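Peer 1: One predicted model, sequence on top.
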Amino acid sequence: MQNRKPYSGIILRWLAHPALPVLIFLLFLGIASTLKFGIDQQNDAQISSRLQSEAKSLARELERDFTRHVEALKRMAERRKVLPAISEAQWREDARNYLTDFETYQAIEWISRDFLVRWVEPFTGNEDVLGFNVAFSDARHEALDRAILTGSLDVSGVIQLKQGGTGLVIYAPIGASDRNNGFIAGVFRMENLLEALQAPRIRNHFQLDIMESGQSAYQLNADSALITNFSEQVPVNLPAVEWALKLSPTKLWATQHRSFWPWVTFVTMVAVGAMVSVSVLLVQLILKRNQVLLKTRSELEQEVDQRKAIQQDLARLASTDALTGLANRRFFMEDLAHTLSIADRQLRQVALVMIDLDRFQMLNDSLGHQFGDELLIKVSERLNQLSDERVLVAYSGGDEFMICQQQVEDIDDVINLLGHVKQCFSKPFIVQNEAHTITATMGVAVYPQSGLDADILLRNADIALYRAKDSGRNTYQFYTEGMQDREVMRLELDKDLNNALARDEFVLYYQPQLDLATMQMGSVEALIRWQHPERGLLPPIEFIPLAEESGRITDIGRWVVLAACRQLAEWSDGPLSHLRVAVNLSGRELDDKGLVEHIQQALAKHGVPADRLEVELTEEIFIANLERNLDQLTRLNKLGVHLAIDDFGVGYSSLAYLRDFPVDLLKIDRSFITNVTDRHDDAVITRAVINLAHNLGIQVAAEGIETEAQLNFLKSHRCDLAQGYLISRPIPAADLPALLARGIKFDSLPTAP
Ligand code: C2E
Ligand code: MG
Ligand code: MG
């Protein structure tokens, strides 16, 4: 089977070869020529055999004629022998009778024993032969002697007659030996002798040769146009003479007897050859045309394939995000819609997971877009490892990714996937040769319970994501029914936030910070509240993230600074004049280039010394903005405004910045303080932070103190400031004087003097 292909290929190549029609034609020409030659040969053989039979019948006729004459002469000789005294006149009379019977004689002669012609009939025309010695040569003499001796016939052969012309003399001896009385001789002219044979069919079509001893002795019809390759010679059986008869046909006769079949065959074969050649040529042309068509077709198919590939590439490009190589949002949503329609039929669940990278924006802003892009690529690579036939990972833009999980049997499937996503972030990402630990927050919406179409599912996953972010990061949150309401509320709040400043709905509450050395209130933290017309007093968690998102935080921040300065001014000539007020600044506020001027103006406006004011930045924000806003912070520092690092311990582990930057206060995050008396780790960290700060000449505050044990711990480890519900909740400014007057008392601690 395997060898067939090459063979057929070779055959096809041969069939297509341009020399093939010529070869076929030559082959037919060869066959035609061979056939013609063969038939010609056969034809020639037929012609020859016909000629031969013609020659034979002529020879037989000649033999018969000759024999008749011989017999007649013999009879005359016998009569002369029987009648020796016959008179010349009588003899002549007899001879005349013979001549009348046989018209072919030129003459009949009596030749005496001495070989002289004595009598001749007819006399007229033969006068010259009287007295002619017929033994005119030794050969003739010898032959005639022999005839006398034997009494048998002698024939002269073809000779020149004394009377003129060519002829033949038959000598019949009259008696033998001594009783011989000469000869009766019959003289024949050759033309007369052969005239009898000359039927019209012979005369017009043949040359006749009488051959004597191999030589032509007499020729009849010598001027005929002969065809030389056909001539038949047959012996003529005559007494006393060796003759052969040679018959040569004229061209006309040969032509008439030639068959036309050789030519018919030849022409037919050549015509068939020509037809076959032309047919092959046509087939070749068709094959060639076919090949061209096939080639064109395969070229077209190639082009179609190329176009398909291009279209697929285009489709892929249209569906792929150029940076990450993951599916883009558009493709993801189309696929999700399709997946949902299938899930609907199969009664399966589909999970949509929205992933938001924690602190990405900050990293991107501080380390540059190049860094951000590389980090996104690295994250994409890890997330993409989760892709399989059930899981599609896409990049949504910014720092958001989306995952669609199909064929969800139960919620454990989704939780399992979330675990895998979390795993992706368990190891640091190496970007620009540095390891960066990054976490992700996820919101999950599950079809059909969390939404029936792709858009609603996406919106609800988004809501769940916000929830997850609100409740701290590096976690996940499933969408629940109530979230929708909360989202609506959030949106309404966002709307109301527009007017809150104008309506003067914000208030500052103040939470005292206890100086543990003196057990006196030395400072307060200003914490914003929103006196919402319908919802009452709202804590910052309800609106600060909203304000950060919408950018309104800048104005709110400016209001806080102004309000704090106004408050400081109010307190400046009373018992609270020693208080320092700490205000919280969010990251977005630091981006405000006019921040330092604004603070300066606020301080100046209310005549407040700069060191009365403290600015709290969370560790996270501080680090993120360190380089970018170094200038702002330096100017703030130069102004004399204190700088505190809020929520210390939950952000970066690098503490290098503390050495390089003039920080006044570290506020240990509440999460360490809550369990500081129970958990060894938290106690160790807290102690370490206190020592570290002190070694750097920085004051330390502890947030979230709710028990006296915590307070005692901190005091015993020489923490400088304490803040927490144990001391006081955040309270309106108006309540502060009373608090101060009342004093802060603890059962286990000595009261301040
Ligand atoms: P923060 O700066 O770390 O403020 C301390 C938060 O801890 C306050 O919550 C306070 O009420 C609470 N707290 C104090 N002691 C205790 C305690 O013993 N136990 C417990 N459980 N909590 C305690 P608050 O007022 O809700 O503020 C939350 C956060 O909102 C603040 O955290 C701060 O980051 C932000 N914030 C408050 N006011 C402003 C503001 O004017 N501007 C900006 N940008 N952020 C603000
Ligand atoms: Mg604070
Ligand atoms: Mg704090």
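Peer 2: Noted; the coordinates are in hand. Numbers count the residues shown, from 1 in each chain. Ligands and ions are numbered 1, 2, ... in the order given.

Peer 1: Could you use CA atoms for every contact and neighbour count after this?
Peer 2: OK.

Peer 1: neighbouring strands for the helix or strand encompassing residue 523, and are they parallel or not?
Peer 2: Element membership of residue 523, judged by DSSP states H and E, is strand 520-532. Applying DSSP bridges, strand 520-532 is found paired with strand 506-515 (antiparallel), strand 536-538 (antiparallel), strand 580-585 (parallel).

Peer 1: So which of those is nearest ligand 1?
Peer 2: With C-alpha to the nearest ligand atom, the closest approach to ligand 1 among these belongs to strand 580-585: 4.2 Å.

Peer 1: With adjacent residues omitted, what lies nearest to residue 278?
Peer 2: Excluding the flanking residues, the one nearest residue 278 by C-alpha to C-alpha, 6 or more residues apart in numbering is residue 21, at 6.9 Å.

Peer 1: and the residue nearest the centre of the chain, helix, strand or coil?
Peer 2: Nearest to the geometric centre of the chain sits residue 302, at 5.9 Å (C-alpha atoms, centre = their mean). What DSSP: H, G, I helix; E, B strand; the rest coil gives for residue 302 is helix.

Peer 1: now residue 577
Peer 2: coil.

Peer 1: who's in contact with it?
Peer 2: Going by C-alpha atoms under 8 Å, 6 or more residues apart in numbering, residue 577 touches 568, 571.

Peer 1: Show me what the one helix or strand the residue nearest to residue 278 maps to is packed up against.
Peer 2: Secondary structure assigned from DSSP H and E places residue 21 in helix 19-82. Packing contacts for helix 19-82, counted by 3 or more C-alpha pairs under 8 Å, 6 or more residues apart in numbering; DSSP states H and E, involve strand 166-173, strand 183-189, strand 232-238, strand 241-249, helix 261-319.

Peer 1: now those in CSV, with mean pLDDT?
Peer 2: Compiled in CSV, the helices and strands packed on helix 19-82 are given as follows (pLDDT from 0 to 100):
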stretch, mean pLDDT
strand 166-173, 90
strand 183-189, 90
strand 232-238, 89
strand 241-249, 86
helix 261-319, 89
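
Peer 1: remind me which residues of the chain are low pLDDT?
Peer 2: Within the chain, the ranges that satisfy pLDDT under 70 run 1-6, 196, 200, 223-224, 624-626, 628-629, 651-655, 747-753.

Peer 1: How about the residues of it by ligand 3?
Peer 2: Residues of the chain found near ligand 3 (C-alpha under 5 Å from the ion) are 646, 647.

Peer 1: Please parse the chain into its domains.
Peer 2: Annotated domains of the chain cover 25-273, 314-479, 493-742 [automatic domain parsing].

Peer 1: Pick out the residue of this protein closest to ligand 3.
Peer 2: Per C-alpha to the ion, the residue of the chain with the smallest distance to ligand 3 is residue 647, at 4.4 Å.

Peer 1: What count of nearby residues applies to residue 353?
Peer 2: By other C-alpha atoms under 10 Å, 30 other residues sit near residue 353.

Peer 1: bridging residues for it?
Peer 2: Counting by DSSP bridges, residue 353 is bridged to residue 403, residue 444.

Peer 1: out of the strands paired with strand 520-532, nearest to residue 746?
Peer 2: Across those, the minimum distance to residue 746, taken as C-alpha to C-alpha, is reached by strand 506-515, at 12.0 Å.

Peer 1: For the closest one, C-alpha coordinates in CSV please.
Peer 2: The C-alpha coordinates for strand 506-515 follow below in CSV (Å, rounded to 0.1, in the frame of the first residue of the first chain):
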residue,chain,number,x,y,z
PHE,A,506,-19.4,67.2,60.7
VAL,A,507,-18.3,67.4,64.3
LEU,A,508,-15.0,66.6,66.0
TYR,A,509,-15.0,64.3,69.0
TYR,A,510,-12.0,64.2,71.1
GLN,A,511,-10.4,61.2,72.8
PRO,A,512,-8.0,62.0,75.5
GLN,A,513,-4.5,60.6,75.6
LEU,A,514,-3.1,60.0,79.0
ASP,A,515,0.5,60.8,79.8
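
Peer 1: List of residues touching stretch 11-19?
Peer 2: Taking contacts as C-alpha under 8 Å, 6+ apart, the residues outside stretch 11-19 that touch it are 20, 281, 284, 287, 288.

Peer 1: Now, of those, which are buried?
Peer 2: Buried members of the contacts of stretch 11-19, counted by 16 or more other C-alpha atoms under 10 Å: 20, 281, 284.

Peer 1: Quickly name whichever of the residues you listed is closest to ligand 1.
Peer 2: Set against ligand 1, the nearest of the buried ones among the contacts of stretch 11-19 by C-alpha to the nearest ligand atom is residue 284 (90.4 Å).

Peer 1: which non-adjacent residue is nearest the closest one?
Peer 2: Once flanking residues are discounted, residue 284 sits nearest to residue 16: 5.5 Å by C-alpha to C-alpha, 6+ apart.

Peer 1: Phi first, then psi, for that neighbour.
Peer 2: Residue 16 has phi and psi values of phi -90, psi 0 when expressed as degrees, to the nearest 10.

Peer 1: still on that earlier bit, just the buried residues of the next helix-or-strand element following the helix holding residue 21, please?
Peer 2: Downstream of helix 19-82, the next assigned helix or strand under DSSP H and E is helix 88-101. Residues 91, 92, 95, 96, 98, 99 are the ones in helix 88-101 that count as buried (16+ other C-alpha under 10 Å).

Peer 1: Can you spell out which residues form a bridge with the nearest residue to residue 586 once chain neighbours are set aside?
Peer 2: Nearest non-adjacent residue to residue 586, counting by C-alpha to C-alpha, 6+ apart: residue 617, 6.8 Å away. Residue 617 forms beta bridges with residue 585, residue 645, as assigned by DSSP bridges.

Peer 1: roughly how far apart are residue 90 and residue 119?
Peer 2: Distance, residue 90 to residue 119, by C-alpha to C-alpha, to the nearest Å: 11 Å.

Peer 1: Next: residue 721.
Peer 2: Going from residue 721 to residue 119 by C-alpha to C-alpha gives 198 Å.

Peer 1: Return the residues of this structure in contact with ligand 1.
Peer 2: Counting by C-alpha under 6 Å from any ligand atom, the residues of the chain lying close to ligand 1 are 527-528, 539-541, 557, 560, 584-586, 647, 703-706, 723-725, 730.

Peer 1: Can you get me a residue count around residue 515?
Peer 2: For residue 515, the tally of surrounding residues (other C-alpha under 10 Å) stands at 18.

Peer 1: which ones are touching it?
Peer 2: Applying C-alpha under 8 Å, 6+ apart to residue 515 gives the contacts 521, 522, 720, 721, 722.
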